[in-house]
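Engineer: What follows is a predicted protein model with its sequence.
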Amino acid sequence: MRMTRFSWYMALLFTALLALAGCKSDSNGGGSVGGDTQGFDSDGDGVPDNEDSCPNAVNLGIDQDVDGIDDACDDNITGKDIDGDGILNNEDNCPAVPNNDQLNTDSDLFGDACDIDSDGDGVPDKTDNGDGTFTDISDDNCPLVFNEAQADLDGDGIGDACDDDIDGDGTANDSDACPLTDGTDPALCDATADTDGDGIPNNATGSTPADNCPDTANADQSDIDGDGIGDACDVDQDGDGVDDKVDLGLGGFQSLSPTLGGDNCPTVQNPDQLDSDNDNIGDECDAVDNALYQCGINGEQYTPMLTSDSDVVATAEADTSECLGSALLGTLTCGVENPDNVVTLPLTDFATMRNTSLLDVLLNPLGLPSEVRLNVAATSGFVYPGANVVGVAFEDSAALLELDLQGGDIQVRTLRAGNVVQDSADISEAGLDLLGLSGLIDTEETTFLIFQTSERFDAVQIYSSSNVASLLEDVRIRSVCASKTDVVTP
């Protein structure tokens with residue numbers, strides 16, 4: 001009888017041990033150590049449960065109140081109004097600061113009430129106290145008007161961009177015969193030489209300083225190294241001993257590419273010219289290590305421009321207005337197929353850009369370039385910050401893109417309100433790298449064309465321009481990626 005009871009106890013103990021062992025296994029290969037789930041991904045969003053702030057809901061990659069919990073499952077966000085301004089948190093551009101007017105001067109992710117740089121010019125106008133409150137500061141002399149240069153002609157603490165009396169002579173600009181000259185006598189204004197026509201007189205008069213680039217227009221009078229020579233006409237604007245432009249004479253200057261010995265950080269001193277990732281951007285001003293560039297929808301800083309993204313509501317349109325020969329041959333030689341694939345799910349889809357100019361040679365005896373464009377734009381009114389790194393993801397076609405880039409055919413432009421802001425053809429800050437596209441594509445290698453920007457934009461244009469015979473212009477574009485918040489240089 002005792003042996004039977006002992007056997008029963010042993011069987012019970014064995015069953016309990018089996019049950020405990022079963023708790024530490026998982027059909028997906030996950031496990032548990034010290035109570036931390038490892039390898040499980042309950043919601044299938046690609047983030048392991050032990051790293052996922054919303055293990056039972058697919059993450060949005062957005063954390064408006066910066067509490068470490070994704071908005072997808074944050075009770076403080078969904079359906080509530082924590083600042084009591086009458087606007088629900090998930091719709092409020094300052095969920096923790098009352099602002100029922102929702103003013104957002106620079107059209108970014110943050111309303112003016114909680115934006116430390118309300119006009120987006122890179123000069124802060126308030127500080128974040130870290131407790132949901134903000135304090136106004138006087139760093140920006142035009143806090144609600146973009147004025148990166150902070151020009152203040154009369155030195156009254158009000159920037160020229162928002163000063164109704166720029167020269168400080170007591171007469172409002174719209175009534176002043178000489179709005180940029182201290183004095184109300186039109187004869188004095190006429191007698192003040194302004195060779196480059198930028199509104200700054202060649203010589204100092206009264207309280208008005210002399211133009212620091214009298215032969216080169218530079219109304220902002222920016223002078224980074226403070227040597228008295230404006231950046232527009234200073235061949236070494238940061239004063240580090242490495243030239244960034246060439247003086248062509250008669251007030252003309254040409255940027256000097258780093259590949260030809262020019263400064264790889266023209267606005268930041270770096271006499272050593274270190275460039276760890278070999279992208280022609282010096283480490284001192286390189287916002288991203290190209291080899292580590294990641295774009296995705298699972299919390300990465302760089303996110304694809306998508307129609308389904310409520311912040312952006314992106315569209316993609318082909319522009320064939322500059323295609324040569326397309327009138328006769330259509331998209332067979334120049335055009336974009338399936339442009340919407342760049343801004344819609346699934347992210348493995350692609351648009352095909354084609355600009356085969358071989359047949360155009362017969363139709364184009366003058367050698368004019370044939371250009372096809374793909375415009376990806378935010379339609380919500382959102383404007384991307386200038387300190388950014390745009391990544392255009394291509395399907396694995398490395399040899400094709402390498403050859404294209406060497407010929408200068410594939411380029412990227414940023415636009416704002418339909419106007420070109422920056423063009424990779426004019427700036428050396430573009431590089432090609434073969435990278436894994438984290439968060440978008442798990443198994444295939446993707447080619448990125450990376451373009452570092454410095455000015456705000458609301459659209460990205462990928463274009464192919466060729467005026468030589470070619471049969472290789474057939475490129476598959478997967479997505480366009482950028483950061484919705486400022487990219488800080490390490």
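Structural biologist: Happy to help now that I have it.
Engineer: Tell me which stretches of the stretch 351-490 of the chain form helices.
Structural biologist: 360-363, 398-406 (DSSP state H, counting those that start in this stretch).
Engineer: do the chain as well
Structural biologist: Taking DSSP state H as the criterion, the chain contains helices spanning 2-23, 186-191, 326-329, 360-363, 398-406.
Engineer: Distance of Ala378 relative to Leu153?
Structural biologist: Shown here: Ala378 relative to Leu153, a distance of 35 Å by CB to CB, to the nearest Å. In this view, the C-beta of every residue, glycine as well, is placed from N, C-alpha and C.
Engineer: same check, this time on Thr127
Structural biologist: Counting by CB to CB, the gap from Thr127 to Leu153 is 28 Å.
Engineer: Confirm for me that Asp160 is in contact with Gly168.
Structural biologist: No - between Asp160 and Gly168 there is no contact, the gap being 10.4 Å when judged by CB atoms under 8 Å.
Engineer: Need the residues touching each of these two.
Structural biologist: Contact with both Asp160 and Gly168 is made by residues Leu153, according to CB atoms under 8 Å, 6 or more residues apart in numbering.
Engineer: quick one, which of those two is more surrounded?
Structural biologist: When Asp160 and Gly168 are compared for neighbours, Asp160 comes out ahead with 24 against 17, by other CB atoms under 10 Å.
Engineer: which residues touch the more buried one?
Structural biologist: The neighbours of Asp160, taking CB under 8 Å, 6+ apart as the test, are Asn147, Ala151, Asp152, Leu153, Ile166.
Engineer: One more pass at 7 Å, please.
Structural biologist: When contacts are counted by CB atoms under 7 Å, 6 or more residues apart in numbering, Asp160 is found next to Ala151, Asp152, Leu153, Ile166.
Engineer: which one of those sits closest to Lys484?
Structural biologist: Ranked by distance to Lys484 (CB to CB), the contacts of Asp160 are led by Ala151 at 29.0 Å.
Engineer: hey, where'd the strands end up in the stretch 101-250 of the chain?
Structural biologist: Secondary structure of the stretch 101-250 of the chain by DSSP state E, counting those that start in this stretch: the strands cover 126-128, 134-136, 245-249.
Engineer: what about those, which gets the closest to Gln102?
Structural biologist: Nearest to Gln102, of all these, is strand 134-136, at 15.8 Å by CB to CB.
Engineer: what pLDDT, on average, does that closest one get?
Structural biologist: The average pLDDT within strand 134-136 is 95.
Engineer: ok so, going back, between Thr127 and Leu153, who's got more neighbours?
Structural biologist: Between Thr127 and Leu153, counted using other CB under 10 Å, Leu153 has the larger neighbour count: 22 against 13.
Engineer: The nearest residue to Asp349 once chain neighbours are set aside: neighbour count?
Structural biologist: Distances taken as CB to CB, 6 or more residues apart in numbering put Asn341 closest to Asp349, at 3.9 Å, once the chain neighbours are dropped. Other residues lying near Asn341 total 21 when counted by other CB under 10 Å.
Engineer: Quickly list the domain ranges of this protein.
Structural biologist: 235-281, 290-483 (automatic domain parsing).
Engineer: Out of those domains, which one sits most buried?
Structural biologist: Mean neighbour counts were taken over these using mean count of other CB atoms under 10 Å, and the top value, a mean of 19, falls to domain 290-483.
Engineer: Look at it and report the distance between its end residues.
Structural biologist: Distances were taken as CA to CA, to the nearest Å; on that basis the terminal residues of domain 290-483 are 15 Å apart.
Engineer: Distance check, the nearest residue to Ala204 once chain neighbours are set aside against Asp194.
Structural biologist: Nearest in space to Ala204, with sequence neighbours left out and distances taken as CB to CB, 6+ apart, is Ala210 at 4.3 Å. Relative to Asp194, Ala210 is positioned 11 Å away (CB to CB).
Engineer: neighbour count winner among those two?
Structural biologist: Set side by side, Ala210 and Asp194 give different neighbour counts by other CB under 10 Å, the larger being at Asp194 (17 against 13).
Engineer: That one and Leu180: what is the separation?
Structural biologist: On the measure of CB to CB, Asp194 and Leu180 end up 9 Å apart.
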